[in-house]
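Engineer: Need coordinates for the following:
(one chain, ligands or ions: 1)
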Amino acid sequence: MSDAEALFAVLRQSADADAVAAIEQLVGAGTDRALNRINVIDFAAENRLSEESAIGAFLHAARLGIFDLSWNVLCPGCSGVLDANTTLKSMNHEEYSCALCAAGYVPTLDEMVEVTFTVNPRTRRIAAHTPNELPIWDYYTQIFWSSGIDLPDESTLDRLIQYITLDFVELPAGEKAILSLTLPEAFLIVFDPVTHAAQFIDVKGEPTRERQSLSLIFNKVRAPTGSMVLRPGPLRLSLENRSDVRVLPAVWIAGDQLHMIFGRRKPFMTAKRLLTNQVFRDIYHADTLNVDQRLKITSLTFVFTDLKGSTELYERDRRSRCLRPRQGAFPCPPGDRGRRGGRGGEDDRRRGHGHFPDARSSAQGGTTDARGDARSQG
Ligand SMILES: [Zn+2]
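Structural biologist: Numbers count the residues shown, from 1 in each chain. Next up, the predicted model:
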């Protein structure tokens, strides 16, 4: 019996038999992509399993080391993964920003954090275990986007990608490249999904034959999205990768076709769904949230009394937390909501200059935000 077979034999003792059979089939015969960031809600539907038994089986499989569990912070605008964490505790930024959407968001457990499962390398090696070797669009589908994006079918996606992509380059760490483009009159985005760097270019006005130039530097600093206006005509785009990983900058036409790629969503397993799952509570004993964790739970129906020590913490911290909006892990009771100004989650979350798919308005708002954009030296 191989190691994997032995693990599945143990898994069968604790999880639903049909769910285990479906998972074993997936590990044995599924594509690499199907074993990366698995959307359990999708998996349950595809295999005619109840969602609870599928979630339970994956959790037991993760406990045995067959899969790795990941908590990913999502951008509600483009469905990109802004941050991936192996534990919920390590997710502690007060705000996440998306360069592509030029917007900032306060993470919420019931909408902005997804939980996915990826096969462990000891169970099976897949391409996504070495993301820096994935071709550009595989990088997008397997690493950049969350499990909640509902992409068009493959041939439609290929056609849309061809339409929106003016050019792209794979730029190894420390290297430079120059792209020579002819800019059409359109709204363009230069975006790298690895460093999450973006530059908006509004191409308009009289066409020119004079060569325009723009330099972009990619590094680990998540600078604000730059925005500039250029004229239709030739552009010399200099790219320099100062990060320690390969980057994949591409120049896109941000029109309807781009929105057709990014625009559709499907259900995914939210952090809230997982935290309220009985198997999860049994396995992890709710030792999941930090006392000081900066996450919001927008829905007051969240049952947190079962989390370890939460009742006590809640009582102790209730008042101070209610006075510190956007910093508390627990919701304030209804009677205290007024102290937070009665703001809905929506107001708090959308704090940028507009969000995808309305990239054009983002850029207009973003013009003032382009201050100190050291990356573009036009
Ligand atoms: Zn985004």
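Engineer: show me where the stretch 151-300 of the chain has helices.
Structural biologist: Counting by DSSP state H, counting those that start in this stretch, the segments of the stretch 151-300 of the chain that form helices are 154-164, 256-262, 271-275, 278-284.
Engineer: which strands and helices sit next to the first one?
Structural biologist: Helices and strands in packing contact with helix 154-164 are listed as strand 250-253, helix 256-262; criterion 3 or more Cβ pairs under 8 Å, 6 or more residues apart in numbering; DSSP states H and E. To be clear about C-beta, it is placed using only N, CA and C from the backbone, and glycine gets the same treatment.
Engineer: Would you single out the least confident of those?
Structural biologist: Sorting the helices and strands packed on helix 154-164 by mean pLDDT places helix 256-262 lowest, at a mean of 92.
Engineer: what's in contact with that one?
Structural biologist: 78-79, 149, 151-152, 157, 160-161, 163-164, 189, 252, 356-357, 359 (Cβ atoms under 8 Å, 6 or more residues apart in numbering).
Engineer: and if we set it to 6 Å?
Structural biologist: Applying Cβ atoms under 6 Å, 6 or more residues apart in numbering, the contact partners of helix 256-262 are Cys78, Leu160, Tyr163, Ile164, Trp252, Pro357.
Engineer: from the chain's centre, how far out does it sit?
Structural biologist: 17 Å (Cα atoms, centre = their mean, to the nearest Å).
Engineer: ok, and for that helix, which residues are buried?
Structural biologist: Neighbour-count burial for helix 256-262, counted by 16 or more other Cβ atoms under 10 Å, picks out Gln257, Leu258, His259, Met260, Ile261, Phe262.
Engineer: can you tell me how far the second one sits from Gly104?
Structural biologist: In this structure, Leu258 and Gly104 are 21 Å apart, going by Cβ to Cβ, to the nearest Å.
Engineer: now the third one
Structural biologist: Here His259 is placed at a distance of 21 Å from Gly104 (Cβ to Cβ).
Engineer: if we can go back for a sec, farthest pair in the contacts of helix 256-262?
Structural biologist: Longest distance between any two of the contacts of helix 256-262 is 17.7 Å, between Cys78 and Tyr163; criterion Cβ to Cβ.
Engineer: Number of residues surrounding the residue nearest to Arg236 when sequence neighbours are not counted?
Structural biologist: Nearest non-adjacent residue to Arg236, counting by Cβ to Cβ, 6 or more residues apart in numbering: Ser213, 4.4 Å away. For Ser213, the tally of surrounding residues (other Cβ atoms under 10 Å) stands at 13.
Engineer: pLDDT score assigned to Ser213?
Structural biologist: Looking at Ser213, its pLDDT is 96.
Engineer: Pretty sure it sits against Leu237.
Structural biologist: No. In this structure, Ser213 is not within contact of Leu237 by Cβ atoms under 6 Å, at 7.6 Å.
Engineer: about what we covered before: so which of the helices and strands packed on helix 154-164 gets nearest the ion?
Structural biologist: The ion lies closest to helix 256-262 among these, at 8.4 Å (Cβ to the ion).
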